[in-house]
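> here is the input, now give the coordinates:
(chains A and B)
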Amino acid sequence: MADFKINHREGEGVSVIELKGYLDAHTAPELETAFQRLLNDKKFNIIVNCRDLAYISSAGLGVFMAYIEDVRKNKGDIKLTNMSAKVYNVFDLLGFPLLYEIYKEEKEALTKFKTIQRA
Amino acid sequence: MASGSTIVTKTILSRTDHLSEVRAFVSEAASAFGFLDEDIANISLAVDEACTNIIKHAYQNAPDKEIEISVIHNKKNFEIRIVDFGRRFNPQELKAPDLRRNLAHHRRGGLGVYLMKRLMDKVEYNFMPGRHNEVRLIKYLQKNQPAVRR
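Numbers count the residues shown, from 1 in each chain, chains lettered A, B, ... in the order given. This is a model prediction of the structure:
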């Protein structure tokens, strides 16, 4: 069975979700639950750190699509960071870099959120 | 089928918890065949997408139906043939999904089929009424000179 884990951290007005393992049609519902929980708690500044994400299929990408509009309507964003080249390639093939902010490092995404909060 | 082809087959039940098993099976075959990591990853993702579509659309998430995955290869191409016995799944026209419009309408469909087309050299759907549905995912060994055309 695919191994997938989500770790959730809170700090400085930003929620960080760390993904680990294999995100496919079987494990995508776990990510949906994590996003739903953040939205219920009115946490709209979200960083998804993909450092330990080994694999993603379109079922995983679909979860990001499902929540981005609601998050942005509430003046937040989902920013993606620390992707391996293999995982980035899948996002890239589907055109995600046009619509999502993707950073090499988590701290870049944090800085971006802070800049917006100060403005 | 061309003579001299080698075939390995695996049958799974239509449940998403079997997807990792399918990826391992296909990756092993592609690796044994001599593909490098990037191609192995692409082939395995394309097969995951095809099986996910069968589970969701052809079998409508019924967990006890069969999916047969065969890897067929010869000197000219590497093919994965995936057979199901469910509803005919008619993929929408294989053009790039409009991500902006999909977002606005909270739609997620079409991504898997589009990915399969991008990851493989050829994707073909065959429907045999009363028998089965079949998806063929093909990688040519010499990309610019497809060896087999029908």
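> now the helices for chain A?
A:28-40, A:58-73, A:85-93, A:106-118 (DSSP state H).
> how far does the longest one sit from the chain's center?
Same thing as helix A:58-73. 9 Å (C-alpha atoms, centre = their mean, to the nearest Å).
> in it, what counts as buried?
In terms of neighbour count (16 or more other C-beta atoms under 10 Å in any protein chain shown), helix A:58-73 has its buried residues at A:58-68, A:71. Quick note: C-beta positions are derived from backbone N, CA and C, even for glycine.
> can you check the first one too?
Neighbour-count burial for helix A:28-40, counted by 16+ other C-beta under 10 Å, picks out A:28, A:31, A:34-35, A:38-39.
> dump those residues to a markdown table, plus pLDDT and distance to residue B:89.
Shown next, in a markdown table, are those (pLDDT from 0 to 100; distance: C-beta to C-beta, whole Å):
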| residue | pLDDT | distance to residue B:89 |
| --- | --- | --- |
| A:28 | 97 | 19 |
| A:31 | 98 | 25 |
| A:34 | 98 | 30 |
| A:35 | 98 | 28 |
| A:38 | 98 | 33 |
| A:39 | 97 | 32 |
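> near chain B too, which of those?
Among the buried residues of helix A:28-40, none lies close to chain B by the criterion of C-beta under 8 Å from any C-beta of the partner chain.
> closest to chain B out of the residues you listed?
residue A:28 (8.7 Å; C-beta to the nearest C-beta).
> counting contacts, what elements does the lengthiest helix in chain B pack onto?
If you go by DSSP H, chain B has its longest helix at helix B:37-53. On a contact count with 3 or more C-beta pairs under 8 Å, 6 or more residues apart in numbering or on different chains; DSSP states H and E, helix B:37-53 meets helix A:58-73, helix A:85-93, helix B:19-33, strand B:66-73, strand B:77-84, helix B:111-119, strand B:132-140.
> would a markdown table of the ones you listed with mean pLDDT and distance to residue B:49 be doable?
Converted to a markdown table, the helices and strands packed on helix B:37-53 look like this (pLDDT from 0 to 100; distance: least, C-beta to C-beta, whole Å):
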| stretch | mean pLDDT | distance to residue B:49 |
| --- | --- | --- |
| helix A:58-73 | 95 | 6 |
| helix A:85-93 | 96 | 10 |
| helix B:19-33 | 96 | 10 |
| strand B:66-73 | 97 | 13 |
| strand B:77-84 | 96 | 10 |
| helix B:111-119 | 93 | 4 |
| strand B:132-140 | 95 | 9 |
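> which one of those lies nearest to residue A:22?
Closest to residue A:22 of these is helix B:19-33 (C-beta to C-beta; 6.3 Å).
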